[in-house]
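**Q** Quick one: sequence plus predicted model below, questions after.
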Amino acid sequence: MSSIIQKSTTVDMDYVPALKLNFWPTNMQPFLNRLKNHRPLLYEKIKNTHMHLVPKWSRLTSLSNQEFEFRYSLSEIEVILAENRNMRAKCLNGIARSIYYKYLYRSTELTSYTVKTTALWMCETFEIDEKVSNDELAYKWIDFMCNHLEMGYCPHYFVENLNIWQHHEREDLNKALDILRSKIDLNDRTIPTNDCSRYFDISPLKLLDEEQSDSEEQTIENLSKTFDEDYKEFQRQ
């Protein structure tokens, strides 16, 4: 019996070495300022949270550099954001992910980090009332996505002046735009329309287990520009 219990509780995980940052990088300040101005209670929970650097090759440089490149790890911040979502905000994320995996995942080059980023922006910029239906949430997300796909620009939620679609071809963005405008069937039973909890796991830990390849590749570009100056400023304090 003990062996069965041990098997059932085994969790697959990777151990990744990380460098703890005792300061907030310059390109994270706009995020903190937004949070302080618009969501002060959440800001109080996040302001003393630490970021980390983890080794991750961007694939934008030669193979010889892969052991020397790092990216931001924002996991602790994302956990706090996920834990403080109301049920409607969690449903928004789940509905968006359902639409993404049903219609965009195999048809476009967009990654699931697009879902996380757009859901975070919507939670910050729209008041998501508990009375809003799931159909309304789906239409709001589709409309939000279409507006940004038309511009070819989706700002990173945490890092200033970073477009998470900057390496995507215009053709691919147009394909995603066409799918969202004309191919989505909200009557599809694989997309939640009533009790969203029946269709997907909306727990914070599940939300944070998403693919983050976009941010991994792109954050490294901004990181190299700002980290040296930020660390020097930290040393002077």
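**A** Right, received. Where do you want to start? What you see is a predicted model, and the numbers here were worked out from it, not measured in a lab.

**Q** Which of the helices and strands in the chain ranks last by mean pLDDT?
**A** One helix or strand of the chain scores below all others by mean pLDDT, DSSP states H and E: helix 204-207, with a mean of 30.

**Q** Without its sequence neighbours, what residue ends up closest to residue 177?
**A** If the residues on either side of it in the chain are set aside, residue 177 comes closest to residue 149, at 4.3 Å by CB to CB, 6 or more residues apart in numbering. Heads up, the C-betas are built off the backbone N, CA and C, glycines and all.

**Q** What about residue 41, how many residues nearby?
**A** Neighbours of residue 41 under the rule other CB atoms under 10 Å: 8.

**Q** Then residue 15?
**A** Using other CB under 10 Å as the criterion, the residues surrounding residue 15 number 5.

**Q** surely residue 47 meets residue 29?
**A** No - taking CB atoms under 8 Å as the definition, residue 47 is not a contact partner of residue 29, at 11.6 Å.

**Q** Spit out the contact partners of the residue nearest to residue 177.
**A** Counting by CB atoms under 8 Å, 6 or more residues apart in numbering, residue 149 touches 173, 174, 176, 177, 180.

**Q** Can you classify it by secondary structure?
**A** For residue 149, the assignment made with DSSP: H, G, I helix; E, B strand; the rest coil gives helix.

**Q** pLDDT wise, what is it at?
**A** Taken from the predicted model, the pLDDT recorded for residue 149 is 98.

**Q** Now do stretch 164-182, average pLDDT.
**A** Rounded to a whole number, the mean pLDDT of stretch 164-182 is 96.

**Q** List the buried residues of that stretch.
**A** By neighbour count, and taking 16 or more other CB atoms under 10 Å as the criterion, the buried residues in stretch 164-182 are 164, 165, 168, 173, 175, 176, 177, 179, 180.

**Q** Relative to residue 166, how far out is the closest residue to the fifth one other than its chain neighbours?
**A** Translated: residue 175. Across the structure, with CB to CB, 6+ apart as the measure, the residue nearest residue 175 apart from its sequence neighbours is residue 108 (5.5 Å). Remark: distance between residue 108 and residue 166 (CB to CB, to the nearest Å) = 16 Å.

**Q** Residue 180 now?
**A** From residue 180 over to residue 166 the distance is 20 Å, taken as CB to CB.

**Q** quick one: low-confidence ranges for the protein?
**A** Across the chain, the ranges flagged by pLDDT under 70 are 1-14, 188-237.

**Q** now the helices: where do they sit in it?
**A** Listed in chain order, the helices of the chain (DSSP state H) span residues 2-8, 29-38, 40-46, 75-83, 87-99, 113-125, 134-151, 170-182, 204-207, 213-236.

**Q** Give me the contacts around the third one.
**A** Same thing as helix 40-46. Residues from elsewhere that reach helix 40-46, judged by CB under 8 Å, 6+ apart: 32, 35, 36, 77, 80, 81, 84.

**Q** Using neighbour counts, trim those residues to the buried set.
**A** Going by neighbour count (16+ other CB under 10 Å), the contacts of helix 40-46 have 35, 77, 81 buried.

**Q** Tell me the span between the first and last residue of stretch 144-160.
**A** Stretch 144-160 stretches 20 Å from its first residue to its last (CA to CA, to the nearest Å).

**Q** wait, doesn't residue 161 sit right on residue 27?
**A** Yes - assessed by CB under 8 Å, residue 161 is found in contact with residue 27 at 7.2 Å.

**Q** more crowded one of the two?
**A** Neighbour comparison, residue 161 and residue 27: the larger count goes to residue 27, with 21 against 9 (by other CB under 10 Å).

**Q** leaving aside the residues next to it on the chain, what's closest to that one?
**A** residue 160 (4.6 Å).
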